[in-house]
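> What follows is a predicted structure for the sequence shown.
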Amino acid sequence: MVKKEYNQNIGFKFAKNRRQFDEYRQRRQSEQKIQEVTFREAYQQLLSTDEIDKVFSVIGAGKEATVLLAQESKTKDLVCAKVFRYFTSTIRRRLQGTKHITQVGMASITAKQEYWNLVELYNSKIPVPKPRYLLKNILIMDFINSQENKYQPAPLLCDIDISFYDDPEDILYESIDILAKMFLDAKFIHGDYSDHNLMVAEKGLVTMDVSQSVLYNEKTFINTPRRIKIDKAVALLKIDLNNLINSFKKYRITIDSEAVCQEIVSDLPEKLQNFLKESKKINPLSHYTPERYVSKENYRGNSVSKLTGKKYQKKKR
């Protein structure tokens, strides 16, 4: 059974302060060199277990992992196997702040972190791939296929021209709604939210790549190994919103990211809102009073989210 407790900030604290561990780095270099995980090695590692009986192909390669399409032995379901690599910028940065963890161990920690983040998000009914289990540095989760071919992954939002949709603005509002539900319902900050981490599935958008996602504290205003302060969470929420909204500018679709952020934060408990006002990390919420539940038919220039019924105000051109 995989232990749920883990430190999401492991290695980052000291690496941020640029603390060097020359003694431990030299000790690592003197040890036997660790080779990167190749497709053949990941293929053999998957087949060596009783869980997987077939590996079809590589369906994705990101900055931290290689993604394979496989088949489970018992259920014969198609699954997604995300193999975390040993030598990535994130893992190297984390290793600078540790003294007892190897590249292999850090890759396993990163896989465990994404697994439990997916568990929390899936239980909060956020549209993410359902996590299944871990095989050291390999995360097994549900495969989100395209509508045309069950062996092809659902396309990324960045690879689709939404200008052919009847109302392409609805895609933006649905993307914002997922981010808002993560923040309010699951108490999560995505940390890398954009059209590159959104899949267009048959039932709607699905977000992914949540290894860097982190919880925020809703009861206290301090940092812990597993949660960050609420004011820092709001600052990261703004970054996620800006990254998402900027990706829609090529379609000439714009929206006021500051107003959307205030709209989302306004649904936080009063205790958290008061703390945010005092910290002066964001503008006082009283400066923005959104008009809620205004339909697109009777108010031109605004749109209502289909999932939550919220209205997000467009930025004037």
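Received, thanks.
> What segments of this protein are strands?
52-61, 65-72, 78-84, 131-135, 138-142, 188-189, 198-201, 204-207, 214-216, 227-228, 302-304, 311-313 (DSSP state E).
> Compare those strands and give me the one nearest Ala42.
strand 78-84 (4.5 Å; C-beta to C-beta). Every C-beta, even on glycine, is put in place using the N, C-alpha and C of the backbone.
> which outside residues touch that closest one?
37, 42, 46, 52, 55, 59, 64-72, 107-108, 110-111, 114, 129, 132, 137-145, 150-151, 153, 211 (C-beta atoms under 8 Å, 6 or more residues apart in numbering).
> That strand to strand 131-135, inter-axis angle?
50 degrees (axes from the mean of the first three to the mean of the last three C-alpha atoms, to 10 degrees).
> thinking again about what came up before, is there a quick ChimeraX command that grabs whichever of the contacts of strand 78-84 are buried?
Isolation of the buried members of these (16 or more other C-beta atoms under 10 Å) is achieved in ChimeraX through the command below:
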select :37,42,46,52,55,59,64,65,66,67,68,69,70,71,107,108,110,111,114,129,132,137,138,139,140,141,142,143,144,145,153,211
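> Tell me the confidence at the residue nearest to Asp53 when sequence neighbours are not counted?
Once flanking residues are discounted, Asp53 sits nearest to Ser73: 4.2 Å by C-beta to C-beta, 6 or more residues apart in numbering. Looking at Ser73, its pLDDT is 90.
> mind listing what Ser73 touches?
With C-beta under 8 Å, 6+ apart, Ser73 has these contacts: Asp50, Glu51, Ile52, Asp53.
> hang on, isn't the third one packed against Ala70?
Yes: the criterion here is C-beta atoms under 8 Å, and Ile52 meets it with Ala70 at 4.9 Å.
> any residues in contact with both of those two?
Leu46, Val79, Ala81, Ile140.
> Report the lowest-confidence entry in the residues you listed.
On pLDDT alone, Leu46 ranks lowest of the shared contacts of Ile52 and Ala70, at 85.
> Which among the strands of the chain is found nearest to Leu272?
strand 214-216 (9.1 Å).
> Given the closest one, what are its sheet partners and their directions?
strand 188-189 (antiparallel), strand 227-228 (parallel) (DSSP bridges).
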